[in-house]
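Visitor: structure for the following, please:
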Amino acid sequence: MSTYSLQVDELHLRFAAMRLPAPELVARLRSSIEREGLRTPVLASTGVEPGQKVLVDGFKRLQAVRDLGGQTVAAS
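Guide: Got it, this is the predicted structure:
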């Protein structure tokens with residue numbers, strides 16, 4: 001599976017409400033991303049809604065990247 005860079009605000013978060021909040025995990029991810037960068041890309045799909053990139057997996061990683069001021073995220 002190929003990895004590409006995606007603008008954070010291009011991602012549609014239609015499934016975000018189904019995720020459980022975990023602020024302590026997001027904080028740990030933030031620290032890890034600051035030290036090592038994002039090691040596992042988020043998963044986005046164009047097959048859910050035509051013309052939109054829908055985030056399917058990686059909601060906490062995306063939140064950590066956003067918290068750090070990131071404008072792009074690695075996606076597959």
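Visitor: in the chain, which residue is most central in space?
Guide: Centroid check for the chain by CA atoms, centre = their mean gives Leu62 as the closest residue, at 2.9 Å.
Visitor: distance of it from Leu20?
Guide: For Leu62, the distance to Leu20 equals 15 Å [CB to CB, to the nearest Å]. In this view, the C-beta of every residue, glycine as well, is placed from N, C-alpha and C.
Visitor: now swap in Glu49 and tell me
Guide: Going from Glu49 to Leu20 by CB to CB gives 23 Å.
Visitor: which of these two has more neighbours?
Guide: Comparing Glu49 with Leu20 by other CB atoms under 10 Å, the one with more neighbours is Glu49, at 11 against 7.
Visitor: for the more buried one, which residues are in contact?
Guide: His12, Arg14 (CB atoms under 8 Å, 6 or more residues apart in numbering).
Visitor: change it to 7 Å
Guide: By CB atoms under 7 Å, 6 or more residues apart in numbering, the residues touching Glu49 are His12.
Visitor: would you say it is within a helix?
Guide: No - counting by DSSP: H, G, I helix; E, B strand; the rest coil, Glu49 is not found in a helix; it is coil.
Visitor: mind checking pLDDT for it?
Guide: As predicted, Glu49 sits at a pLDDT of 75.
Visitor: which phi and psi does the residue of the chain most remote from its centre have?
Guide: Computed with CA atoms, centre = their mean, the residue of the chain farthest from its C-alpha average is Pro50, at 19.4 Å. Here is the backbone geometry of Pro50 (degrees, to the nearest 10): phi -50, psi 130.
Visitor: still on that earlier bit, mind listing what the residue nearest to the centre of the chain touches?
Guide: For Leu62, the contacting residues are Val8, Leu11, Val42, Leu55, Val73, by CB under 7 Å, 6+ apart.
Visitor: with pLDDT as extra columns, can I get those residues in a markdown table?
Guide: A markdown table is the format used below for the contacts of Leu62 (pLDDT from 0 to 100):
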| residue | pLDDT |
| --- | --- |
| Val8 | 96 |
| Leu11 | 96 |
| Val42 | 98 |
| Leu55 | 96 |
| Val73 | 97 |
